[in-house]
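In: okay, sequence plus prediction incoming.
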Amino acid sequence: MTSAPTPTATDTPAGILPGDRAGAYRVTDPLDTDYYGVFADIGGAERDAWSRARVLISEYGDRSAAQWDAGDYDISIVRRMGELDLFVDGIEHEGLTALSPLAAGLINMEISRGDGSLGTVLAVQGGLALRTLALFGSDAQKAQYLQPIARGEVLGSFALTEPDHGSDSVSLETRATRAADGGWIIDGAKKWIGNGASGGVTFVWARVESPGADDHGKVRCFLVPQEAEGYHGEPITGKASLRGIHQAHITLRGVTLPANAVLPGSHSFKDASTVLYATRSGVAWSALGHATACYEAALQYSQQREQFGKRLAAFQMVQERLTQMLSELTAMQLYCRHLADLEASGGLRPTQASLAKYHNTRTARRIAATARDLLGGNGILLEYGVMQHMADIEAIHTYEGTESIQALLLGRDITGVSAFA
């Protein structure tokens with residue numbers, strides 16, 4: 001076996017210390033990896049939507065790691081996302097740009113490729129808050145808030161999860177009591193609420209406590225201005241994932257609302273589930289964006305980093321790992337493309353969205369872990385992106401239904417037997 005040549009003084013450029021020749025590696029450039037040509041036929045409105053998302057990432061990219069590291073949330077970026085018309089998320093409503101499921105997915109993919117916290121901003125502001133208002137709001141509520149939320153001028157949040165009710169959110173305890181004057185009094189707590197402490201409005205899901213009324217015991221949605229007396233949102237600290245967006249622990253103590261604060265189209269927990277089913281597809285696309293960033297970082301790093309006298313890309317083990325990542329990434333792309341086609345045809349079933357989320361977040365975790373390993377010690381540095389994506393994938397793997405919940409939904413669908421406790 002031939003040994004690598006021993007470095008000599010002449011191998012080291014003047015002014016550079018021995019052993020310190022390596023410079024920074026450029027690994028975050030988009031490569032548009034698409035080995036099967038899954039997106040090769042995309043043009044028109046879909047291509048334009050993808051391009052708008054890339055504009056955002058190109059503008060924001062240099063600030064991403066620094067803000068994630070500091071745990072800062074730059075609210076101004078929400079307005080910029082609105083200016084680029086990125087929040088409409090395939091929502092069909094007069095006054096909102098018509099966006100196909102494929103275009104909405106590509107936006108989600110591209111933004112998550114650049115920054116997972118921004119991907120969550122997209123999911124919260126558009127997929128959850130804007131969709132809830134568009135589906136269930138009154139004409140007056142929509143006239144006041146639909147366009148401002150779509151433009152990012154008003155922050156929107158979706159408050160369903162509670163400290164004691166995550167996966168079993170159907171058992172939520174936040175209550176809405178009818179007041180003597182016909183208004184509402186809200187009491188309860190919510191947790192992990194994106195934008196919940198950032199100013200704006202919160203769509204709070206609560207159980208009606210009104211004996212004798214048709215909706216007694218039902219879960220309905222209420223539009224709550226965050227400046228309302230009794231509403232308090234506190235950003236959750238100590239997060240090791242999605243550090244570039246503030247998620248809040250919310251308390252509502254005797255929050256008094258007018259009668260028209262309820263969204264008239266919301267009548268049961270099934271309506272909340274309708275919103276979650278729609279955003280579940282978005283999580284599959286988001287996972288694809290994260291995985292793409294990790295694979296492309298690993299590929300670019302392997303083409304630049306030298307060890308034992310040659311680039312990493314020349315080692316058999318590295319090529320095998322890159323091939324494995326590419327095969328898994330291609331499967332994720334195929335899942336997402338067919339998911340969009342099913343949704344566009346009106347044939348998408350909720351459990352099909354669950355399968356895509358289940359597959360893609362699990363696969364994204366594997367790709368991220370392989371990429372981090374391939375980058376060696378540099379893999380834990382934020383400047384190379386992989387570690388940030390790896391941490392952020394952990395959040396999307398959990399939200400909009402954990403892996404276990406997706407498995408139980410799918411298991412019930414394919415066996416006809418419910419295993420829920």
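Out: Perfect, I can see it now.

In: buried residues in stretch 341-361?
Out: If you call a residue buried by 16 or more other CB atoms under 10 Å, then stretch 341-361 has these buried ones: 342-343, 348, 350-361. C-beta coordinates here come from the backbone N, C-alpha and C atoms, glycine included.

In: Glu59 - that's part of a helix, no?
Out: Yes: checked against DSSP: H, G, I helix; E, B strand; the rest coil, Glu59 lies within a helix.

In: contact partners for it?
Out: Contact analysis of Glu59 by CB atoms under 8 Å, 6 or more residues apart in numbering lists Arg80.

In: 10 Å - rerun?
Out: Ile77, Arg80, Leu84, Gly114 (CB atoms under 10 Å, 6 or more residues apart in numbering).

In: repeat that for Asp181.
Out: So Asp181 contacts Thr256, Pro258, Ala259 (CB under 10 Å, 6+ apart).

In: quick check: which element contains the residue sitting nearest the centre point of the chain?
Out: Nearest to the geometric centre of the chain sits Thr120, at 3.6 Å (CA atoms, centre = their mean). Assessed by DSSP states H and E, Thr120 sits inside helix 116-122.

In: now do the helix or strand hosting Asn108: which elements does it pack against?
Out: In this assignment (DSSP H and E), Asn108 forms part of helix 101-114. Using 3 or more CB pairs under 10 Å, 6 or more residues apart in numbering; DSSP states H and E, the elements in contact with helix 101-114 are helix 44-70, helix 116-122, helix 269-304, helix 316-345, helix 386-398.

In: can you give me the end-to-end span of stretch 29-41?
Out: The straight-line separation of the ends of stretch 29-41 (CA to CA, to the nearest Å) is 22 Å.

In: next, count neighbours for Gly376.
Out: Using other CB atoms under 10 Å, Gly376 has 12 neighbouring residues.

In: contact partners for it?
Out: Counting by CB under 10 Å, 6+ apart, Gly376 touches Tyr301, Arg305, Gln307, Leu312.

In: and for Gly401?
Out: With the criterion set at CB under 10 Å, 6+ apart, Gly401 makes contact with 166-167, 169, 273, 276-277, 279-280, 283, 353-354, 357-358, 407-409.

In: same question, Asp69
Out: By CB under 10 Å, 6+ apart, the residues touching Asp69 are Arg243, Gly244, Leu382, Glu383, Gln388.

In: neighbours around the residue nearest to the fourth one when sequence neighbours are not counted, how many?
Out: Put plainly, it is Glu383. Among residues not flanking Glu383 along the chain, Ala65 sits closest, at 6.0 Å (CB to CB, 6 or more residues apart in numbering). Residues lying near Ala65 (other CB under 10 Å) number 19.

In: ditto for Tyr399
Out: 21.

In: is it possible to get a markdown table of the helices and strands packed on helix 101-114 that adds mean pLDDT and distance to Val224?
Out: Shown next, in a markdown table, are the helices and strands packed on helix 101-114 (pLDDT from 0 to 100; distance: least, CB to CB, whole Å):
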| stretch | mean pLDDT | distance to Val224 |
| --- | --- | --- |
| helix 44-70 | 91 | 28 |
| helix 116-122 | 96 | 20 |
| helix 269-304 | 95 | 15 |
| helix 316-345 | 97 | 30 |
| helix 386-398 | 96 | 24 |
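
In: can you say which of those is packed in most?
Out: Per residue and on average, the most neighbours among those fall to helix 116-122, with a mean of 28 (mean count of other CB atoms under 10 Å).

In: Phe315 and Tyr25, how far apart?
Out: As judged by CB to CB, to the nearest Å, Phe315 and Tyr25 stand 16 Å apart.

In: surely Asp187 is in a helix?
Out: No: Asp187: not assigned to a helix; according to three-state DSSP it is strand.

In: quick check: it touching Tyr231?
Out: No: the criterion here is CB atoms under 10 Å, and Asp187 misses it with Tyr231 at 11.1 Å.

In: returning to that earlier point: more neighbours, Phe315 and Tyr25?
Out: Tyr25 (17 against 14).

In: the more buried one falls within a helix, correct?
Out: No: with three-state DSSP as the criterion, Tyr25 is located in coil rather than a helix.

In: and it, what pLDDT?
Out: Looking at Tyr25, its pLDDT is 91.

In: residue contacts, it?
Out: Ala297, Gln300, Tyr301, Ser302, Gln303, Gln304, Arg305, Leu375, Asn378, Glu383, Tyr384.

In: can you lay out these as JSON lines showing distance to Ala179?
Out: Converted to JSON lines, the contacts of Tyr25 look like this (distance: CB to CB, whole Å):
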{"residue": "Ala297", "distance to Ala179": "55"}
{"residue": "Gln300", "distance to Ala179": "60"}
{"residue": "Tyr301", "distance to Ala179": "61"}
{"residue": "Ser302", "distance to Ala179": "64"}
{"residue": "Gln303", "distance to Ala179": "66"}
{"residue": "Gln304", "distance to Ala179": "65"}
{"residue": "Arg305", "distance to Ala179": "66"}
{"residue": "Leu375", "distance to Ala179": "58"}
{"residue": "Asn378", "distance to Ala179": "59"}
{"residue": "Glu383", "distance to Ala179": "54"}
{"residue": "Tyr384", "distance to Ala179": "55"}
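
In: find residues that contact each of Asp187 and Tyr231.
Out: Joint contacts of Asp187 and Tyr231 (CB under 10 Å, 6+ apart) are Thr251, Leu252, Arg253, Gly254, Val255.

In: from these, which land in strands?
Out: The strands, defined by DSSP state E, take in Thr251, Leu252, Arg253, Gly254, Val255 from those.

In: residues near the last one, how many?
Out: Read that as Val255. Count around Val255 with other CB under 10 Å applied: 23.

In: same question, the third one
Out: Counted with other CB under 10 Å, residues neighbouring Arg253 total 13.

In: isn't it right next to Thr174, touching?
Out: No: Arg253 is beyond contact range of Thr174, at 11.3 Å (criterion: CB under 10 Å).

In: which neighbours do the two have in common?
Out: Listed contacts common to Arg253 and Thr174 are Ile186, Asp187, Gly188, Ala189; contacts here mean CB under 10 Å, 6+ apart.

In: just to revisit the earlier point, which among the contacts of Glu59 count as buried?
Out: Ile77, Leu84, Gly114.
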